[in-house]
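[1] got a predicted structure here, sequence first:
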Amino acid sequence: MRSIEDGSIILEESIVLNSGEFTGLTSKNAISKIAEALEKNSKGKLQTVYRLRDWLVSRQRYWGVPIPMIHCGTCGTVPVPEKDLPVRLPEDITDISQIKHGKVLEQYESFYKVKCPKCQGDAVRETDTLDTFVDSSWYFLRFLDSKNSNQIYNPYLILRWMPVDVYIGGMEHAILHLLYARFIHKFLFLHGFIPEHQEPFKQLITQGLVKGKTFKLKSNGKYTSSEEASLLPKQDYIISFEKMSKSKGNGVNPIEIAENYGSDALRLTLLFQAPSEKDISWEESSIKNMYAFIEKIWKLFDETQNMSISQEALSLRQLLQNHEGNWEIISFLEKFGKIVQDLEQSLYRKERNLHVCVARLMECFNLLKEYSSKKESLGSIYFACLRTYLIYLFPFAPNIASELWNNKSTRVPIAMTDINIWGNNEQELHHQSFPQFSPVLELIRTLKGSIYIIFINGKSRGTLNFSMQEEMDEALMINKVTAEKSYQRFIKGKTMKRLVRSPPEAVSYTHLTLPTIYSV
C-alpha cells in the first residue's frame with residue numbers, strides 16, 4: 001500500500017482508504033477480503049509460494065558424506081548397491097593438510113577406482129561429497145533411533161516424539177536449512193516414511209546476532225582494531241556495532257571470555273541483554289556486571305555455611321499451619337512462589353522470554369537477600385527456598401548451581417509429600433523437575449483468605465480479612481463484621497438485610513433503616 005500524502009510505501013498495519021467496499025478496513029482484514037472477492041469472481045486466489053530454489057548439494061572436499069554413485073563408461077551413472085553401503089571415506093591420510101585442498105578424494109585410487117556393479121567393468125566412484133546441510137536436514141529424525149541398522153528409523157518413535165518443539169537458528173538457517181529440512185521431511189511424509197506429521201517443527205525462533213564494537217577510520221573508511229584506535233584521537237574514527245568478522249577486527253573469542261569470567265556469566269549475559277530474536281551489542285562491561293551477580297549468589301550461600309538447620313523432615317502444610325499467625329513466613333513464601341511461577345511461565349511462553357527469566361532470577365535473589373537477616377526466624381522454609389532457587393538457576397548457570405547444590409550445609413530434610421515442591425535432595429541437580437508451587441500458593445491463600453473493603457450503606461468503613469472458610473459461609477462473614485468493634489457504631493440497633501460481595505475487594509452490607517436498597 002502507498003500513502004495518499006506522499007506515495008511512500010506503508011509496511012506497517014494501517015487503514016485502507018479510497019478502495020471502494022474495502023475502505024475503512026485494516027490492511028490485514030482488507031487483504032483477506034480482497035482475496036475472497038477475487039476468488040468469488042474467479043479472478044484469483046491466495047497461494048503460498050515456497051522460494052525453494054535449485055540446491056547444489058555436491059562439494060569438492062573430504063569432510064562430507066560420500067555420494068553413493070559410480071560412473072561407468074558402459075552403463076553410465078550407477079548407484080552403489082545397498083549391500084555396499086555406507087560408503088566410507090579413506091582413513092589412511094598421512095598429511096592432514098591435504099584435506100584443505102579441493103578434490104581430495106581424487107588423489108586416492110584405492111577409494112575411487114572400483115568395478116561397475118552392473119557389468120563388472122572398470123569404473124570410478126563419485127569423488128564429490130554431500131553438502132553437510134543434506135545430513136542436518138533430517139538428522140532430527142535419525143537421532144530418535146540412531147542405532148537402528150535395519151531401517152532409517154522406527155516410525156513408531158517418529159509418531160511419539162515428532163514434531164520438534166522449537167527450531168532455533170540464525171538468518172542463514174531460517175532461509176536455507178529450514179527450507180531444506182521441510183522439503184526432505186515433506187518428501188518422506190508424501191512417500192509414507194513419516195506417519196501423521198507433515199511439518200517437522202512446531203515453532204521457529206530466529207535468533208539475533210551478537211555484534212562487536214567496530215572502529216572505522218574517517219580518513220579512508222577502513223576498519224582498525226581497538227588497540228590501534230586507542231592510540232588515535234577520538235575524532236579520527238567512528239564507533240559502531242556490526243556483525244563480527246576478521247576483516248573488521250571486531251571479533252570476540254568466547255573461550256577467552258569464559259576463561260576470564262566463567263561460562264555461567266557468559267551464558268547469563270547473552271540471555272539477559274535482549275530478547276532472543278534481537279541483535280546484541282557486545283561490551284565487556286555487561287559480563288562484568290553479571291560476574292558480580294554470580295559472586296553475590298555465592299556469597300549468600302557462603303553466609304549460610306555455619307547455620308544450624310532443623311533435621312525434622314519438612315512438611316510444608318504442617319509447618320504453615322503451625323505458623324498460621326506468623327505472617328512474615330507466609331509473606332516470604334508467597335513472594336518467592338509468585339516470582340518463580342512467573343519465571344517458569346516466561347520460560348514456556350511461545351516467545352521464550354529468556355531475558356525475562358534472568359530478570360526473575362535476579363528478583364528472586366534480591367528477595368532471598370532481603371530476608372537473609374531473618375533466616376533464623378524463617379527457619380527451614382528459608383533454606384528450602386534457597387535450595388529450590390538453584391533448580392531454577394541451573395538451566396541458566398549450571399556450573400555454580402551444581403556446585404552449590406552439592407554443598408550439603410544448606411540441605412533441608414524434605415517430607416516425601418513435598419518433594420514435588422522443593423526437589424529431591426538424593427538426586428543430582430540435572431535430574432530435578434521444576435517445583436510445583438501452585439499448591440503452595442493455594443495453601444497460603446487458604447490460610448490468608450482475602451482482604452475485603454467493607455461498605456456499610458454505600459460508604460467505605462475499612463477493611464477486614466476473611467479466611468477461605470469464612471468466605472464460603474455468608475453467615476460467618478456477617479458475624480465477623482458485626483463482631484468487629486470498629487464497625488459496631490455503624491450497625492448498632494439495626495438488622496442486616498442482605499450482603500453483596502465483589503471479591504476479593506469489597507463487601508457491602510445494607511440494613512433496614514431506609515427503604516432504599518444500597519449496593520456497592
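    Right, received. Where do you want to start?
[2] burial check on residue 440, number of neighbours?
    By other C-beta atoms under 10 Å, the residues close to residue 440 number 22. Any C-beta I mention is one placed from the backbone N, CA and C, and that applies to glycine too.
[3] so residue 240 bridges to which residues?
    residue 214 (DSSP bridges).
[4] any idea how far it lies from residue 291?
    26 Å (C-beta to C-beta, to the nearest Å).
[5] more neighbours, these two?
    Each of residue 240 and residue 291 has its neighbours counted (other C-beta under 10 Å); residue 291 has more, 17 against 14.
[6] residue contacts, residue 377?
    Under the criterion of C-beta atoms under 8 Å, 6 or more residues apart in numbering, the neighbours of residue 377 are 328, 329.
[7] give me the pLDDT for it.
    As predicted, residue 377 sits at a pLDDT of 71.
[8] the helix or strand hosting it: how far from the chain's middle?
    Here residue 377, judged by DSSP states H and E, is contained in helix 375-378. Relative to the mean C-alpha coordinate of its chain, helix 375-378 is positioned 34 Å out (C-alpha atoms, centre = their mean, to the nearest Å).
[9] the spatially closest residue to residue 55 that is not a sequence neighbour: neighbour count?
    In this structure, residue 55 finds its nearest non-sequential neighbour in residue 180, 6.6 Å apart by C-beta to C-beta, 6 or more residues apart in numbering. Using other C-beta under 10 Å, residue 180 has 19 other residues around it.
[10] any idea how far residue 180 lies from residue 136?
    Applying C-beta to C-beta, the value for residue 180 to residue 136 is 8 Å.
[11] low-confidence regions, the stretch 301-450 of the chain specifically.
    Scanning the stretch 301-450 of the chain for pLDDT under 70 picks out 305-326, 351, 408-423, 447-449.
[12] so which residues of it form strands?
    450-456 (DSSP state E, counting those that start in this stretch).
[13] my guess is residue 197 meets residue 160, correct?
    No. Applying C-beta atoms under 8 Å, one finds residue 197 not in contact with residue 160, separated by 10.7 Å.
[14] more neighbours: the two, which one.
    The residue with more neighbours, out of residue 197 and residue 160, is residue 197; 16 against 9, by other C-beta under 10 Å.
[15] what pLDDT is listed against that one?
    Residue 197 is assigned 85 on the pLDDT scale.
[16] what about it, which SS state?
    coil (DSSP: H, G, I helix; E, B strand; the rest coil).
[17] shaky segments in the stretch 101-250 of the chain?
    In the stretch 101-250 of the chain (pLDDT under 70), the answer is 101-102.
[18] recalculate using a threshold of 90.
    101-112, 127-137, 149-152, 165-180, 195-198, 203-250 (pLDDT under 90).
[19] mind listing the helices for the stretch 401-520 of the chain?
    Using DSSP state H, counting those that start in this stretch, the helices of the stretch 401-520 of the chain run over residues 419-422, 438-448, 468-471, 474-483, 485-491.
[20] return the distance of the third one from the chain's centre.
    Centroid separation for helix 468-471 versus its chain: 39 Å, with C-alpha atoms, centre = their mean.
[21] my read is the residue nearest to residue 55 is in a helix, agree?
    Yes. According to three-state DSSP, residue 180 belongs to a helix.
[22] that one contacts residue 138, correct?
    No. Applying C-beta under 8 Å, one finds residue 180 not in contact with residue 138, separated by 9.2 Å.
[23] check contacts around the residue nearest to the spatial centre of the chain.
    In the chain, the C-alpha nearest the mean C-alpha coordinate belongs to residue 352, at 3.4 Å (C-alpha atoms, centre = their mean). Residues counted as contacts of residue 352 (C-beta under 8 Å, 6+ apart) are 166, 205, 276.
[24] change it to 6 Å
    For residue 352, no residue meets the contact criterion (C-beta atoms under 6 Å, 6 or more residues apart in numbering).
[25] and it, how far from residue 276?
    Residue 352 is 6 Å from residue 276, where distance means C-beta to C-beta.
[26] check residue 446 too.
    Separation of residue 446 from residue 276 (C-beta to C-beta) stands at 39 Å.
[27] more neighbours, these two?
    Using other C-beta under 10 Å as the criterion, residue 446 and residue 276 rank with residue 276 on top: 17 against 14.
[28] just confirm that one is within a strand.
    No. With three-state DSSP as the criterion, residue 276 is assigned coil and is not in a strand.
[29] report the contact partners of the residue nearest to residue 209 when sequence neighbours are not counted.
    Using C-beta to C-beta, 6+ apart and skipping the chain neighbours, the partner closest in space to residue 209 is residue 279 (4.9 Å). Neighbouring residues of residue 279 by C-beta under 6 Å, 6+ apart: 208, 209, 211.
[30] wait, a strand at the first one?
    In other words, residue 208. No. Counting by three-state DSSP, one finds residue 208 to be coil, located in no strand.
[31] number of residues surrounding it?
    Other residues near residue 208 come to 15 when the count uses other C-beta under 10 Å.
[32] do the same with the second one
    Look at residue 209: counted by other C-beta under 10 Å, it has 16 neighbours.
[33] what packs against the lengthiest helix in the chain?
    Ranked by residue count and defined by DSSP state H, the top helix of the chain is helix 327-348. Contact here means 3 or more C-beta pairs under 6 Å, 6 or more residues apart in numbering; DSSP states H and E; on that basis helix 327-348 packs against helix 354-370, helix 380-393, helix 438-448.
[34] can you tell me which of the ones you listed is packed in deepest?
    Of the helices and strands packed on helix 327-348, the one with the most neighbours on average (mean count of other C-beta atoms under 10 Å) is helix 380-393, at a mean of 22.
[35] return the distance of stretch 261-269 from the chain's centre.
    With C-alpha atoms, centre = their mean as the basis, stretch 261-269 stands 17 Å off its chain's centre.
[36] same check, this time on stretch 335-345
    Distance, centroid of stretch 335-345 to centroid of chain: 15 Å (C-alpha atoms, centre = their mean).
[37] equivalent analysis for stretch 342-356, please.
    Taking mean C-alpha positions (C-alpha atoms, centre = their mean), stretch 342-356 and its chain are 6 Å apart.
[38] same question for stretch 210-217.
    29 Å.
[39] what of stretch 26-33?
    The answer for stretch 26-33 is 32 Å, by C-alpha atoms, centre = their mean.
[40] what lies in contact with it?
    Contact with stretch 26-33 is made by 13, 14, 16, 22, as judged by C-beta under 6 Å, 6+ apart.
[41] ok, now which ones touch the third one?
    Contacts here follow C-beta under 6 Å, 6+ apart; on that basis residue 16 touches 22, 25, 30.
[42] and the gap between the last one and residue 488?
    Distance of residue 30 to residue 488, given as C-beta to C-beta: 65 Å.
[43] between the two, who's got more neighbours?
    Each of residue 30 and residue 488 has its neighbours counted (other C-beta under 10 Å); residue 30 has more, 19 against 11.
[44] fine by me, we can end here.
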